[in-house]
Each structure stands twice: as structure tokens, then as C-alpha cells.
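Enquirer: Below are the sequence and a predicted model; questions follow.
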Amino acid sequence: MENNFDDIYQVVKLIPFGRVSSYGAIAEYLGGKRGARIVGWAMNAAHTDDSIPAHRVVNRNGVLTGKAFFGGNKMQELLEAEGIIVKNDKIQHFKDLFWSPTKELL
DNA sequence: CCCCTGACGGGCG
DNA sequence: TCGCCCGCCAGGG
């Protein structure tokens, strides 16, 4: 936790099973909505780390924007394995599955 | 040191 | 509702 990527990793790891979050939500929880892109960058650096559930992090639309980085539809499979319904690279009931670190985490 | 790009988000027309 | 533009931080050329 150096107030940077590590913080992001910690928050991502805190995402409950079967739940998802967004880059902006995590960025906002850490220090404002300025680092939405940075979160994505952090995920990119961490996508090699299987201890980080980066597949649970999507954009505000609930679209698996980073699915390409996982290889094929690996990201979608991981989400479906958690009971999350994914259709056309988009999470169904995203609003219901959404996990806000700012609200639910404290 | 300057410029471009990026797994994003919000605002405006 | 859709599309365009600007701002955000960090890394690479």
C-alpha cells in the first residue's frame, strides 16, 4: 500500500465472490475519480498475477473491456463461473452485482 | 523534455 | 439516446 498500484490491488482483492466493480469506483474510493485509467493500468500490470481477480473489474457500463487481455473469453468464463451472467461481453444485472468500495467497504 | 497512448469517466450538444 | 471532446495519472518513444 504505497498509495498507488498496491492500493488498487488491495481493493480488487476485497471484491466479494460473485460481485463486480468498476475502475472509476475503485479510483474514487482511493483518491477521487481521477485515476480511472490508472486502475486499468494497474490491472494491466497485474493481469499476470492470478491472485488478483481483475476479471471482476469492468467499466461503468459493465462491459468486459479488458477481456482481450485475458485471452479469448477467459474473463467471461471466470465471471460465469461465479454465477455472473455475461451476454455479448456485457454483465447482466450489473447494477445489482455492482460492488462499491466506497459504500459497501468501510 | 515533449508528445502520444491507454482495461475510463463525465459533460455537452 | 448517441457521439464527440476534455481531463485524469503513468509509462514509453
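Expert: Now that the structure is in, tell me what you want to look at.

Enquirer: residues touching the residue in chain A positioned nearest to DNA strand B, list them.
Expert: Proximity of chain A to DNA strand B (CB to the nearest atom of the strand) peaks at residue A:66, 1.8 Å away. All C-beta atoms are positioned from the backbone trio N, CA, C, and that covers glycine. Neighbour list for residue A:66: A:40, A:43-44, A:47, A:54, A:57-58, A:75 [criterion: CB atoms under 8 Å, 6 or more residues apart in numbering].

Enquirer: Just the ones of these in helices?
Expert: A:40, A:43-44, A:75 (DSSP state H).

Enquirer: Counting neighbours, which of those residues end up buried?
Expert: Taking 16 or more other CB atoms under 10 Å as the criterion, what is buried in the ones in helices among the contacts of residue A:66 is A:40, A:43, A:75.

Enquirer: and the second one, what does it touch?
Expert: Listed by CB under 8 Å, 6+ apart, the contact partners of residue A:43 are A:8, A:12, A:23, A:52, A:54, A:57, A:66.

Enquirer: Can you tell me the element residue A:29 falls in?
Expert: Using DSSP states H and E, the element containing residue A:29 is helix A:23-31.

Enquirer: Any part of that helix near DNA strand B?
Expert: Yes: applying CB under 7 Å from any atom of the strand, one finds helix A:23-31 in contact with DNA strand B at A:23-25, A:27.

Enquirer: Indicate whether stretch A:39-58 makes contact with DNA strand B.
Expert: Yes: against DNA strand B, stretch A:39-58 shows contacts by CB under 7 Å from any atom of the strand at A:39-41, A:43-44, A:46-47, A:54-55, A:57.
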